[in-house]
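Colleague: Here's my sequence, what's the structure:
(chains A, B, C and D)
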Protein chains: 2
Amino acid sequence: MVYSLSEEDYLKAIYSLYEEKPRPIATSKLAGYLSTKASSVTEMIQKLNEKKLVIYQKYRGVYLTKDGENQALQIIRKHRLWEYFLVETLDFKWDEVHNIAEQLEHIKSDMLVDKLDAYLDYPKFDPHGDPIPDKDGILKDQHKILLAEAAIDQPMIIVGVKDSSADFLRFLEKKNLSLGTIIKVTEQEEFDHSVSVLHKNQEIQLSAIAAKNIYVQPNDK
Amino acid sequence: MVYSLSEEDYLKAIYSLYEEKPRPIATSKLAGYLSTKASSVTEMIQKLNEKKLVIYQKYRGVYLTKDGENQALQIIRKHRLWEYFLVETLDFKWDEVHNIAEQLEHIKSDMLVDKLDAYLDYPKFDPHGDPIPDKDGILKDQHKILLAEAAIDQPMIIVGVKDSSADFLRFLEKKNLSLGTIIKVTEQEEFDHSVSVLHKNQEIQLSAIAAKNIYVQPNDK
DNA sequence: ATTCTATTTTAGGCAAACCTAATAAATTTT
DNA sequence: AAAATTTATTAGGTTTGCCTAAAATAGAAT
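Modeller: Numbers count the residues shown, from 1 in each chain, chains lettered A, B, ... in the order given. From the prediction side, this is the model:
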């Protein structure tokens, strides 16, 4: 089955929303997330309900069926693969890719997704550190933690950011930190919770605020 | 200004149509090309006329304004860049890329086009041998000729095909011929106009029909 | 020059997705 | 538990892009 751009946006939105908040998603939550009106949401989820992509009961919110979830995962897969492509292949910055990926995720071609995936060498995480679902919709889980919580002297790899504002990404660039950078916490300051990290024999100072916005993962595997 | 998917399709169609047939394009020509009805075409070109992208006069057909032509060229630029990307980077076959590029050409991001162009190293021709307009909409002209018309013993490079059916492309593959292959005509048969070409010390026989569907260019550049 | 034919335009509708305003249901407050 | 408030749904419109059928025009044939 092939779905409209709007239908795809709704499926993705529902999935995204219940990663944090619990299922059934309220109509108003969706309307807020999609910058649309509650009445438009009601209309659309009724349609998706008929297509058996969601379970919807009047006044009780909505959640995805297995089928709807698979669809959502495939869209998210495409979104994140394209983000990875934009950053790794075309040299975009982390914060520039979202809008473009929002468009690219709707391109319909299984072959394209497969070939892109292969070309990128089957990446497991996108540039923001979020996992990329595989062909079957399976997500590798992340084990990512905040740099602020990393143990001293353990080699870590930067896998993403929590704050993906242009300001923060520029800040990281200035400090020579980016996706894939391998660092080691050498010191944690008691009084302001700032940290010192070592990167290629260079000592870098990061405030608590910065350290709480960088995701890292133990560098083994 | 940003235009709808349909508007873009119409602009591109008008441009494509008057590469062959003369300007003003008839409503029915456009309808045929776009697989839509004449009444729909009338409606749309009236809208494009108001937006000053085309000049339209009742019953007398339509042609592009300078602005409309620039828009069309930018869409064609995107289409052909993406085709080049799909074939060169993702290893698609020539005949598989058109539908996907039809979708990708509508992605809106100047930066994406620039970066893609740079990544591909500013290609001048797409995999079918058609020229890719540059940022300013300038087309390099091709000097491509049919293999059937190539002089004997002059090294030529395959730059495209006229027939891009799956059948023909498979045929070429079987003969070990593809985009960029360098060949030399060694013999032209008088009686059936078939040709013999040399490719890496291998003699290949091609019928007149085949030779009339392969575009080549002198291999100097 | 008039008639015939083919093309084009206009008129009137339809579906998708959105909107505002009115109503209905659920939830919270008293 | 009733009233008040918040949230959700329905009703009725709008826009975009398509369609069919009817009317208008242009071009060809007599």
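Colleague: my guess is A:Lys140 meets A:Lys124, correct?
Modeller: Yes - assessed by CB atoms under 8 Å, A:Lys140 is found in contact with A:Lys124 at 4.8 Å. Heads up, the C-betas are built off the backbone N, CA and C, glycines and all.
Colleague: neighbour count winner among these two?
Modeller: Of the pair A:Lys140 and A:Lys124, A:Lys124 is the one with more neighbours under other CB atoms under 10 Å in any protein chain shown, namely 16 against 11.
Colleague: Number of residues surrounding A:Arg170?
Modeller: 12.
Colleague: Also A:Arg60?
Modeller: A total of 11 residues lie near A:Arg60 under the criterion other CB under 10 Å.
Colleague: right, and it touches A:Pro24 too?
Modeller: Yes - using CB under 8 Å, A:Arg60 is in contact with A:Pro24, at 5.8 Å.
Colleague: if you look at the longest helix seen in chain A, does any of it touch DNA strand C?
Modeller: In chain A, assigned by DSSP state H, the helix with the most residues is helix A:66-88. No - Helix A:66-88 lies out of reach of DNA strand C by CB under 7 Å from any atom of the strand, never closer than 13.9 Å.
Colleague: May I have that helix as PDB, with CA atoms only?
Modeller: Below are the C-alpha coordinates for helix A:66-88, written out as PDB (Å, rounded to 0.1, in the frame of the first residue of the first chain):
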ATOM      1  CA  LYS A  66       1.500  -3.400  14.200                       C
ATOM      2  CA  ASP A  67       1.000  -2.400  10.500                       C
ATOM      3  CA  GLY A  68       1.000   1.300  11.400                       C
ATOM      4  CA  GLU A  69       4.100   0.900  13.500                       C
ATOM      5  CA  ASN A  70       6.000  -0.900  10.700                       C
ATOM      6  CA  GLN A  71       5.100   2.000   8.300                       C
ATOM      7  CA  ALA A  72       6.300   4.500  10.800                       C
ATOM      8  CA  LEU A  73       9.500   2.700  11.300                       C
ATOM      9  CA  GLN A  74      10.200   2.600   7.600                       C
ATOM     10  CA  ILE A  75       9.700   6.300   7.400                       C
ATOM     11  CA  ILE A  76      12.000   6.900  10.300                       C
ATOM     12  CA  ARG A  77      14.500   4.600   8.800                       C
ATOM     13  CA  LYS A  78      14.500   6.700   5.600                       C
ATOM     14  CA  HIS A  79      14.700   9.900   7.500                       C
ATOM     15  CA  ARG A  80      17.700   8.800   9.500                       C
ATOM     16  CA  LEU A  81      19.500   7.200   6.600                       C
ATOM     17  CA  TRP A  82      19.100  10.400   4.700                       C
ATOM     18  CA  GLU A  83      20.400  12.400   7.600                       C
ATOM     19  CA  TYR A  84      23.400  10.200   7.800                       C
ATOM     20  CA  PHE A  85      24.000  10.600   4.100                       C
ATOM     21  CA  LEU A  86      23.700  14.300   4.300                       C
ATOM     22  CA  VAL A  87      26.200  14.600   7.100                       C
ATOM     23  CA  GLU A  88      28.700  11.900   6.100                       C
END
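Colleague: That one - contacts with which helices or strands?
Modeller: helix A:5-20, helix A:98-104, helix A:110-119 (3 or more CB pairs under 8 Å, 6 or more residues apart in numbering or on different chains; DSSP states H and E).
Colleague: With B:Lys108 as the reference, name the closest of these.
Modeller: B:Lys108 lies closest to helix A:98-104 among these, at 6.6 Å (CB to CB).
Colleague: which residues sit in contact with the residue lying farthest from the centre of chain A?
Modeller: Distance to the chain centre peaks in chain A at A:Phe191, reaching 32.6 Å (criterion: CA atoms, centre = their mean). By CB atoms under 8 Å, 6 or more residues apart in numbering or on different chains, the contact list for A:Phe191 is empty.
Colleague: for A:Thr186, same thing?
Modeller: Neighbour list for A:Thr186: A:152-153, A:196-198, A:203 [criterion: CB under 8 Å, 6+ apart].
Colleague: where does chain A have low pLDDT?
Modeller: Applying pLDDT under 70 to chain A picks out residues A:20-21, A:220-221.
Colleague: tell me which parts of it are close to chain B?
Modeller: Applying CB under 8 Å from any CB of the partner chain, we find that chain A lies next to chain B at A:86, A:89-92, A:96, A:99-100, A:103-104, A:107-109, A:111-112, A:115-116, A:119.
Colleague: and the residue of chain A found nearest DNA strand C, how far is that from chain B?
Modeller: Relative to DNA strand C, the nearest point of chain A is A:Ser4 (2.8 Å; CB to the nearest atom of the strand). According to CB to the nearest CB, to the nearest Å, A:Ser4 and chain B sit 12 Å apart.
Colleague: Grab the most central residue of chain A for me.
Modeller: Note: chain A centre (CA atoms, centre = their mean) maps to A:Asp130, 3.8 Å.
Colleague: Pull the contacting residues for the closest residue to it other than its chain neighbours.
Modeller: Closest residue in space to A:Asp130, ignoring its immediate chain neighbours: A:Arg80 at 6.2 Å, by CB to CB, 6 or more residues apart in numbering or on different chains. Contacts for A:Arg80 (CB under 8 Å, 6+ apart) come out as A:101, A:126, A:130-133.
Colleague: returning to what we had before: would you list the contacts of A:Thr186 in JSON lines and tack on secondary structure and neighbour count?
Modeller: As requested, the contacts of A:Thr186 are exported to JSON lines (DSSP: H, G, I helix; E, B strand; the rest coil; neighbours: other CB atoms under 10 Å in any protein chain shown):
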{"residue": "A:Ile152", "secondary structure": "coil", "neighbour count": "11"}
{"residue": "A:Asp153", "secondary structure": "coil", "neighbour count": "10"}
{"residue": "A:Ser196", "secondary structure": "strand", "neighbour count": "15"}
{"residue": "A:Val197", "secondary structure": "strand", "neighbour count": "24"}
{"residue": "A:Leu198", "secondary structure": "strand", "neighbour count": "16"}
{"residue": "A:Glu203", "secondary structure": "strand", "neighbour count": "10"}
